[in-house]
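Q: build me a model:
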Amino acid sequence: MTSSAADDRESDRLGDYLKSVRQAKRMTLRQVEELSDKEISNAYLSQLENNKITKPSPNILHKLSEIYGISYEDMMVRAGYVAAQKARAEGEKHGRAATFAGEHLTSEEEDELLKYLAFLRTRRGR
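A: Prediction:
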């Protein structure tokens with residue numbers, strides 16, 4: 001896999017992740033814009049979520065992590081700024097998505113759980 005292909009995969013994951021978190025929190029793009037004091041426009045966030053912007057600045061990632069209440073470090077890894085830690089601490093069984101997991105979850109499994117949770121929350125709101 002080329003470096004460019006790896007970079008594309010990482011940015012896809014970041015955009016998909018950000019979109020799933022925003023939707024799980026039932027926030028609109030405009031609400032995020034307002035909460036960022038208009039530092040992040042809804043158009044910019046839309047481009048980020050749709051992977052048209054592949055490497056947002058660390059400042060943008062930090063602001064989004066504050067708004068969403070998620071890990072800044074995780075977003076820096078997803079954006080390709082920081083290398084992912086190869087092994088988890090002894091005894092840690094899960095990442096950000098499933099605190100009930102009996103075994104380590106892959107990033108892909110965590111992403112799918114977050115997407116499913118967002119789906120369930122949208123159904124509950126109907």
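Q: how close does the most centrally placed residue in the chain sit to Lys38?
A: Centroid-nearest residue in the chain, with C-alpha atoms, centre = their mean: Tyr17, separated by 3.2 Å. As for Tyr17, its distance to Lys38 is 23 Å (criterion: C-beta to C-beta, to the nearest Å). All C-beta spots, glycine's among them, are computed from the backbone N, C-alpha and C.
Q: what about Thr122, neighbour count?
A: Using other C-beta atoms under 10 Å, Thr122 has 12 neighbouring residues.
Q: contacting residues for it?
A: Gln23 (C-beta atoms under 8 Å, 6 or more residues apart in numbering).
Q: can you pull the phi/psi pair for it?
A: In terms of degrees, to the nearest 10, the main-chain angles of Thr122 are phi -70, psi -40.
Q: what's the spacing between it and Ile40?
A: 23 Å.
Q: Tyr68 touches Lys25, doesn't it?
A: Yes - the pair Tyr68 / Lys25 is scored as a contact, 6.4 Å apart, by C-beta atoms under 8 Å.
Q: could you find the closest non-adjacent residue to Lys55?
A: Nearest residue to Lys55, sequence neighbours excluded (C-beta to C-beta, 6 or more residues apart in numbering): Ala79, at 5.9 Å.
Q: oh, that last question was meant for Glu73, not what I typed.
A: Counting by C-beta to C-beta, 6+ apart, the residue nearest Glu73 is Val82, at 6.8 Å.
Q: check which helix or strand the one you found maps to.
A: Using DSSP states H and E, Val82 sits within no helix or strand.
Q: and Gly95, what pLDDT?
A: Listed pLDDT for Gly95 reads 52.
Q: from the chain's centroid, how far away is the helix or strand hosting Leu113?
A: In this assignment (DSSP H and E), Leu113 forms part of helix 107-124. Between the centre of helix 107-124 and the centre of its host chain there is 12 Å, according to C-alpha atoms, centre = their mean, to the nearest Å.
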